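Novice: Structure of the sequence below:
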Amino acid sequence: MNLPLYALRRALVFVPSLILLTMIVFSLSWLMPHYYYILPLTYGSFVPLTSTVISNDLQAMNIFPSNPALTYLYYLKGIFTGNWGLAVGGLDVPFPFTGNVYSHIGFFLDNSLQLILASFLVSVFVAIALGSYASRHRGGAIFYVARFISYSGFSAPAIWVAPLLVMIFGRGVGIPVISVFPISGRGVTPSNYPGFMNSMGISSPTGILIVDTIYWQDWPLLASELMHMVLPITTISYGVIAGLLRFYMLGIDEEINKEYVAAARSRGIQERDIYRKHIRKTALVHTVPQVGLVTTNMILGLIVAENFFSYYGLGELLLQSFVVGAYIPMVEIWPLMATVLIFGIMVLLSSFIADLLQAYVDPRTRLS
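Specialist: This is a model prediction of the structure:
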């Protein structure tokens, strides 16, 4: 089976998984008073939630709280038409988070995507580079550093890594000389938005600030943004690097004693070429399937990092919605549902991409 056909086959599995995800999110919300999300979906705006209004309006539209199937169809329609429900404010964010959730959530999504993409690239690069060097220089200092990162990353949760980084590298808090990184916020604030950012804090043309600063050649803002991202990215990446590094080095250990490696050595092929052309490439076959799994750890690290370092993203929005909703029941159900749905989609997409990468590096998987 060729790769495009395999990708189409996996995509056909992705669609029902996505529908199942929407059902799960909707089912969780159904445990709450139904009219709080029936009316915003049908009206597009909030109305006084008196018992008379609720009873009359629901009966006029032939919608009853006891009919979850019909309400789910309104919810599913809202996902694809941009009606993600309404927020009524109360969140500690840079702008009034009121009105349609869909029109406001782009700010948080862009910030989270920026951290996730940067953390993923850093994690993959560090894990492969460090794992390759450490495996070729066993017994050296770098080898033991890699082993330490591999084991400590599994036992050190992000909620513990974040304050430790602040105590060491946090500007004004950590160790002198190396404590140069900001411990909160971003490289830009609402008071000094550049011309290519709108009032909602979304930059153009891509919405990813570090990319747009390069596009507009705003180098001071790029430097400031990168400095603010160092500690959050390290918090997110540490556990991900540990996972990828461990599987990658185990893959190298498994391949290094194979017969084809001994045969290559007997033919006089240099050790560097054996690692580059054979061992490392085959070790990736053992590592790529773990990409989907470590994404879950990345999302958990994202929630911790954004809240700990006040980096406004989906993780910050998720916790804010949950906390405000706990004090004022049902007020922020829609932002909460939206962030849970987006995080679920991220996990599904990462699994889908991991399957495609696995099929690319190991054609045998296309037969399954």
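
Novice: which SSE is the closest residue to L317 other than its chain neighbours in?
Specialist: Once flanking residues are discounted, L317 sits nearest to F108: 4.7 Å by C-beta to C-beta, 6 or more residues apart in numbering. Using the backbone N, CA and C atoms, a C-beta is placed for each residue, glycine as well. Assessed by DSSP states H and E, F108 sits inside helix 101-136.

Novice: and that helix, which residues are buried?
Specialist: Across helix 101-136, burial judged by 16 or more other C-beta atoms under 10 Å covers 101-102, 104-105, 107-116, 118-120, 122-124, 126-128, 130-132, 134-136.

Novice: what angle sits between the following helix or strand past it and helix 101-136?
Specialist: Scanning forward in sequence from helix 101-136 by DSSP H and E, the next helix or strand is helix 141-155. Angle of helix 141-155 versus helix 101-136, following axes from the mean of the first three to the mean of the last three C-alpha atoms, to 10 degrees, is 140 degrees.

Novice: i'd like the first residue to be 55 from this point on
Specialist: Taking 55 as the first residue, the last one we looked at is helix 195-209.

Novice: For helix 195-209, name the packing helices and strands.
Specialist: helix 155-190, helix 273-309 (3 or more C-beta pairs under 8 Å, 6 or more residues apart in numbering; DSSP states H and E).

Novice: Just confirm I357 contacts Y365, I think it does.
Specialist: No. With contact defined as C-beta atoms under 8 Å, I357 does not reach Y365; the gap is 10.9 Å.

Novice: Tell me, how many residues neighbour the closest residue to Y205 other than its chain neighbours?
Specialist: Excluding its sequence neighbours, the residue lying closest to Y205 (C-beta to C-beta, 6+ apart) is A296, at 7.5 Å. Each residue near A296 was counted by other C-beta atoms under 10 Å, and the total is 24.

Novice: cool, I213 as well?
Specialist: I213 has 15 nearby residues by other C-beta under 10 Å.

Novice: where does it land on pLDDT?
Specialist: What the model reports as pLDDT for I213 is 85.

Novice: For it, what are phi and psi?
Specialist: I213 adopts backbone torsions of phi -70, psi -20, taken as degrees, to the nearest 10.

Novice: if I pick it, what's in contact with it?
Specialist: Contact analysis of I213 by C-beta atoms under 8 Å, 6 or more residues apart in numbering lists 358, 362.

Novice: hmm, 7 Å instead?
Specialist: With contact taken as C-beta atoms under 7 Å, 6 or more residues apart in numbering, I213 is in contact with V358.

Novice: likewise the one 4 residues further on?
Specialist: With C-beta under 7 Å, 6+ apart as the criterion, no residue contacts P217.
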